[in-house]
Each structure stands twice: as structure tokens, then as C-alpha cells.
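Enquirer: predicted model, plus sequence, below.
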Amino acid sequence: MTQLQENPNLTSTPPAKMELPSEPWWRFFTFSTDHKVIGIQYLVTTFFFYLVGGALATAVRAELATPEADFLGFERYNGAFTVHATIMIFLWIVPALVGGFGNYLVPLMIGARDMAFPKLNAVAFWMIPPTGILLLVSLLVEAPAAGWTSYPPLSLISGKVGEELWILSILLGGTSSILAAVNFFVTILKMRMPGMKLEDMPLFCWAMLATSVLTLIATPVLAGALILLSFDLLAGTAFFNPSGGGDPVVYQHMFWFYSHPAVYIMILPVFGMISEILPVHARKPIFAYKAIAYSSLAICFLGLIVWAHHMFTSGTPDWMRVFFMIATMAIAVPTGIKVFSWLATLWGGKIRFTSAMLFGMGFVSMFVIGGLSGIILASVPLDIHVHDTYFVVAHLHYVLFGGSVFGIYAGLYHWFPKMTGRMLNEFWGRVHFLLTFVGFNMCFLPMHKLGLMGMPRRVAQYDPQFADLNWISSVGAFILAISTLPFLFNAIYSWVAGRKAGDNPWEALSLEWMTTSPPPHQNFYGEPILLTGPYDYGTHSKETLDYFAAQLQTLRELALMETEAPHS
Ligand code: HEM
Ligand SMILES: [Cu+2]
């Protein structure tokens, strides 16, 4: 790892307490090209959509609380679960992780002043609100009702206006994703500070590199499929429409060629964030850095060749089913490498049970449950039995909610002090964790059993034999809905009036903590320098942290003198 080196800017003046002028709040409402502003714009916007998607989920669970379709009714139920799923994926998880955390953290972590293409970055963000508005308008006009998968022929006969609005919305969101991915790819490869090799990067940056590659390869295929679907819908072509000789299975191939990698787009950044958060709060170096970094690349490669595991019951030939089954199971290897490395990182650590750490550990355990049910679904004979049942709904929520959402919360508790300069309240953070953990498991654990008993998904009405477990699940969903409130109030209150965080409240070693909270416009005062690796906890971390704090104070002093000096 890099040696401690003297910073030429460091003077011996004793540090004085000081505040630099803060930037105006209304910058968040402008076409700003600062990656930190854009990151926060993404996080706040997507959290708003999360609340909308969550409200729809609560409506879906209210419908399912009893066996009869007596709350939303059939039509509205279809619209509600379709828009729920679409919002959660395309307007919450993907843009929050990539656009939100990716934007905020990557340049800071690699010691860059901004992303490679700042304007493109802003354009990508400003495509998100219209993406959401189109989708919400569809809900008011004629809700798309064919599920987030939008399979033909159902999507061709379930309402033209809603379906077309849905397609336009996803095309816009997809374009935004592609623009963001180009930016990350170039930024990570080309904008690292002098002296930082790929293997000096924090693991989050490796994860973002792999995520960008997946986005760039897979998203255009989805766009192609949706454009063809539009032609079928509006122009009477028959690419996928069986009544005109088209083949709906081709749509499934194209759709899943994107949508399976999409699950890694939704989980790789979280893997990266967890690899940052666990070492800081366990005060230990990450276990097996290289194995974690390269396993992200392995997941990226394997993730591209497993899509047909979603099509075991679509008439897929046997040889293909065997291939996709084995390829899918192989993904358990790089994923297992990560999980074991995280456990080894925690092992024997001086664990601080902060809210960030609780959500981080919650992530590891919930994600493992989702991973295990994934292995069950990967196996052709088992999948044939539980296909299209609630077992699938249970699985996908353990990975997307227990995985992605728990990870996002861990990231929010961890980086909120950096982003806002203020701490979130820890007591309410723990209340939030407890309610989320209990509500989540109560809502989704029973769905495994329901699926095994044969309850189909995407139905508003069901056999009364499933009533008890569904009731428990709906109560869990209600607790989950409530659990968001302590977080929401905590975030709003703390942003305005929370305890001042200081520059490095967690005593972390990666570069984003080696500048003020929040960081100045160009991220660093003077040139950022690499004193240690991002995970060198233990031996010299105390001296290093003191050294950094003193140095930052001095650099800040210089910056203050500069802002106060009369311009010549
Ligand atoms: C807030 C708590 C949530 C609850 C109570 C909830 C509830 C549900 C329910 C009951 C369904 C099944 C609808 C049906 O098949 O009839 C569903 C579907 C789905 N949910 Fe959620 N959900 C929640 C959060 C999330 C999150 C965070 C994601 C993340 C991406 C997500 C993604 C999906 C997806 C992809 C589907 C598939 C819908 C389909 O079958 O096409 N959900 N949700
Ligand atoms: Cu898949």
C-alpha cells in the first residue's frame, strides 16, 4: 500500500476552528453539473418514487389481506402491481444506486474533481422526472396492466394508451441509464488521481465498473425489444404478435437478456457499498480485496449468459435448460466468495452497532436467504413446480428488498454525514431498522410457504385455504409502510438541525472522508493524496487519521485565506 508521505501544502500553523461559506440550497433545483448535487438530486427524487411505489405495494397487500377481490378490484389490481414493480425497479433501485450513490461517491473515492462528462451527467438525471411523470400519468389515464415484464400477447391486448406510456417511460429511463453508464466507465478508467492504480480503488468503484459494463451491453437490447413491441401495438406489425405470425418467445429472450443483468445492476453497487461499510464499522481491513473485486467482474460476465432461467416453462429445449441451469448455479460461486469475505471481515472485528452497520448486517443475512431460494429456482425440476407462484415473489423481494433496499439504507446512514454535514439520529435509526426487519420478514417469509402450497402470483382473488398466511403478510406490509416514517422524519429533521458530523465521524480511511462534510465544489482542497489504502484499519490507522485531520484543517485554512483575500 502507498507509504505515508509529507504533503507539501502542510504548514506548521496551529489549526483554528473555521467555517467555509456553504453553497446555496437552491442549487439542488438547478441544472447543476456538480456530481455531488446530481447524486443528491437522484437520491431525493428516487426516494419520492419509492414512497409512491410503496403506497401501491400497500394497496396491493390490502387487496390480498382477504381472499375476495374487494378492495381494488381486478382491473385496478393489475395496474397497481404493474406500476408498483416498474417504479421500484426503474425509478427507485436502479437510479438510486447508480445515479445517486454512484454519482456522489465515485469521483470522491478516486480523487477526481467531477465525473468525466458533467453535462451528460446532468442530462441523465433530468430524464428521470419525466420517466416518472409518464408512468404516473399512465396510472391516471389507463394503467398498464401486463406486469413489469410486459409480455406479449397480453401487453398487446390490455390497453394501448397505458401500455404505450409505459414503453415510452422505460425507453426514457433506459436512455438515462445508458448515458450514466458511459460516464462511469470513462470516469473510473480515466479520471483516477495520479498514482491510484485500479487495485488501489475502493471496492465500490470496481462494482460500479462492472455495473456500467452490464448496463452498456444489456440496456440497448431492452430498448430494441420495446420499440418492436410498440410497432406491434401501434402499427399492426407482428414481430411478437402470434395472431400475425410473430413469436412472443423472442420478446421473452430479448426482455430477459436485459432484465436478468438488471438484477445485477440492482445488486452489484450494493455489494460495493457493503464492502465499504463493513470494514469501517468493524474496524478491520476488508478480507480478500482482490477476490471481491474480481468476483464483481465474474458476476458481470456470468450475469450475461443466464437469462433463459426465466423461461424454463416457455417451451425452451432441454439442452438449453440444462445450460442455463448450470450457468445460473455457477453465479453462486463469485457471490459466495463475497459473502464469505464479508463474514471473514466481521469475524473478530471491533464491531460498532451503528444503524449503518445494522442495515449492512441485515443485508448480508437477508440477501443470503434470497440467494438460497434463487438456487432452488435455478434448478429446472424445482422451478417447474414453483414457477409463477408466490415462491417467486418471496425470492425476488428477499434479493430486491432484503438486498438492494437494506443496502441503500445502510449507505444512507453511512454517507448522510458526508453529504449533508450532519448526523442522522442513531436512536431513530435503530427503531427504523427494527421495524423494517420485522415488517419485511413478516411480509415476505410466509410467501415462500404460500408459493409451495401453490398460490399463483398476480392474482387479486385466491383460494380461502391461503387466507391466514396472506393476512400475516399484509400485517407485515403495513408495519413496513410505517417503518419508513421514522426514517423520513429523521432525514428531514437531521438535514436541517441534526448534530454536526465533522469531516470524518466514522474514522474511515477512504478518500471521500479526507475532505470536508459536505465537500467543497471541486471536492478537495489542494491535491488529494493517497496516504493509505482504503481498508488499512488496525495498525497505524489512529496516526493516519490524526495526520489527515491536521492536514485537512490546514488546507481548509489556506482555502479560507484565498476566499477572503482581495482579488487582484
Ligand atoms: C414496500 C414493501 C413491498 C411490498 C409490501 C411489496 C408487495 C408486493 C406484492 C404483494 C407483489 C405481488 C403482486 C402479485 O403478484 O399479485 C409484488 C410484486 C413485485 N414487487 Fe413488490 N413489494 C414491496 C417492495 C418492493 C421493492 C422494494 C421492490 C424492488 C425492486 C419490489 C419489486 C417487485 C417486483 C419486481 C414485483 C413483481 C411483480 C410481477 O409479478 O410482475 N417490491 N410486490
Ligand atoms: Cu434472472
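Expert: Yes, it's here. For clarity, every value in this text was computed on a predicted model and none was experimentally measured. Numbers count the residues shown, from 1 in each chain. Ligands and ions are numbered 1, 2, ... in the order given.
Enquirer: Phe184 against Gly102, yeah?
Expert: Yes. Contact criterion C-beta atoms under 8 Å: Phe184 and Gly102 qualify, at 6.1 Å. Where you see a C-beta, it was placed from the backbone N, CA and C, and this is true even at glycine.
Enquirer: where do the contact lists of these two overlap?
Expert: Common contacts of Phe184 and Gly102 (C-beta atoms under 8 Å, 6 or more residues apart in numbering): 208, 211.
Enquirer: okay, those two: which has more neighbours?
Expert: The neighbour comparison of Phe184 against Gly102 (other C-beta atoms under 10 Å) goes to Gly102, with 31 against 25.
Enquirer: and the more buried one, how far from Gly303?
Expert: In this view, Gly102 and Gly303 are 18 Å apart by C-beta to C-beta, to the nearest Å.
Enquirer: ok, now Thr187?
Expert: On the measure of C-beta to C-beta, Thr187 and Gly303 end up 22 Å apart.
Enquirer: for Gly162, report the pLDDT, please.
Expert: pLDDT for Gly162: 95.
Enquirer: neighbours of it, how many?
Expert: Residues contacting Gly162 under the criterion other C-beta under 10 Å number 24.
Enquirer: got the phi and psi for Met201?
Expert: With angles defined as degrees, to the nearest 10, Met201 shows backbone torsions of phi -70, psi 150.
Enquirer: report the contact partners of it.
Expert: By C-beta under 8 Å, 6+ apart, the residues touching Met201 are 109-110, 188, 192, 534.
Enquirer: select from those the one having the most neighbours.
Expert: Counting neighbours by other C-beta under 10 Å, Pro534 comes out on top of those with 27 neighbours.
Enquirer: low pLDDT regions in the stretch 51-200 of the chain?
Expert: Counting by pLDDT under 70, the stretch 51-200 of the chain contains no low-confidence range.
Enquirer: what residues does it put near ligand 1?
Expert: Proximity of the stretch 51-200 of the chain to ligand 1, by C-beta under 6 Å from any ligand atom, involves residues 54, 57, 60-61, 81, 84-85, 88-89, 93, 147-149.
Enquirer: now do the contacts for the one residue sitting closest to the centre of the chain.
Expert: In the chain, the residue lying closest to the centroid (C-alpha atoms, centre = their mean) is Leu97, at 3.4 Å. Applying C-beta under 8 Å, 6+ apart, we find Leu97 in contact with 265-266, 269-270, 404, 407-408.
Enquirer: show me what the one helix or strand Thr131 maps to is packed up against.
Expert: Assigning secondary structure by DSSP states H and E places Thr131 in helix 128-141. With contacts taken as 3 or more C-beta pairs under 8 Å, 6 or more residues apart in numbering; DSSP states H and E, helix 128-141 sits against helix 35-64, helix 74-86, helix 160-190.
Enquirer: ok, then the element right after the longest one?
Expert: Reading on from helix 160-190 to the C-terminus, the next helix or strand found by DSSP H and E is helix 203-230.
Enquirer: list the buried residues of that next one.
Expert: Residues of helix 203-230 classed as buried by neighbour count (16 or more other C-beta atoms under 10 Å): 203-215, 217-219, 221-223, 225-226, 228-230.
Enquirer: now whatever residue of the stretch 151-300 of the chain ends up closest to ligand 1, nearest residue through space, not along the chain?
Expert: In the stretch 151-300 of the chain, the residue that lies nearest ligand 1 is Met266 (6.8 Å; C-beta to the nearest ligand atom). In space, and not counting its chain neighbours, Met266 is closest to Ile93: 4.7 Å by C-beta to C-beta, 6 or more residues apart in numbering.
Enquirer: low pLDDT regions in this structure?
Expert: Scanning the chain for pLDDT under 70 picks out 1-20, 539-540, 565-568.
Enquirer: go again using 50 as the cut-off
Expert: By pLDDT under 50, the low-scoring segments of the chain are 1-16, 568.
Enquirer: close to ligand 1: what parts of it are there?
Expert: Residues of the chain lying close to ligand 1 (C-beta under 6 Å from any ligand atom) are 54, 57, 60-61, 81, 84-85, 88-89, 93, 147-149, 393, 396-397, 400-401, 405, 443, 457-459, 477, 480.
Enquirer: circling back: same list (the contacts of Leu97) but as a markdown table, adding neighbour count and secondary structure.
Expert: Shown next, in a markdown table, are these (neighbours: other C-beta atoms under 10 Å; DSSP: H, G, I helix; E, B strand; the rest coil):
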| residue | neighbour count | secondary structure |
| --- | --- | --- |
| Ile265 | 27 | helix |
| Met266 | 24 | coil |
| Pro269 | 29 | helix |
| Val270 | 26 | helix |
| Ser404 | 25 | helix |
| Gly407 | 29 | helix |
| Ile408 | 25 | helix |
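Enquirer: which one of those sits closest to Trp471?
Expert: Trp471 lies nearest to Ser404 out of the contacts of Leu97, by C-beta to C-beta, at 26.8 Å.
Enquirer: tell me the contacts of the closest one?
Expert: Each residue near Ser404 by C-beta under 8 Å, 6+ apart is listed here: 93, 97, 266-267, 270.
Enquirer: go again using 10 Å as the cut-off
Expert: Neighbour list for Ser404: 88-89, 92-94, 96-97, 263, 265-267, 269-270, 363, 367 [criterion: C-beta atoms under 10 Å, 6 or more residues apart in numbering].
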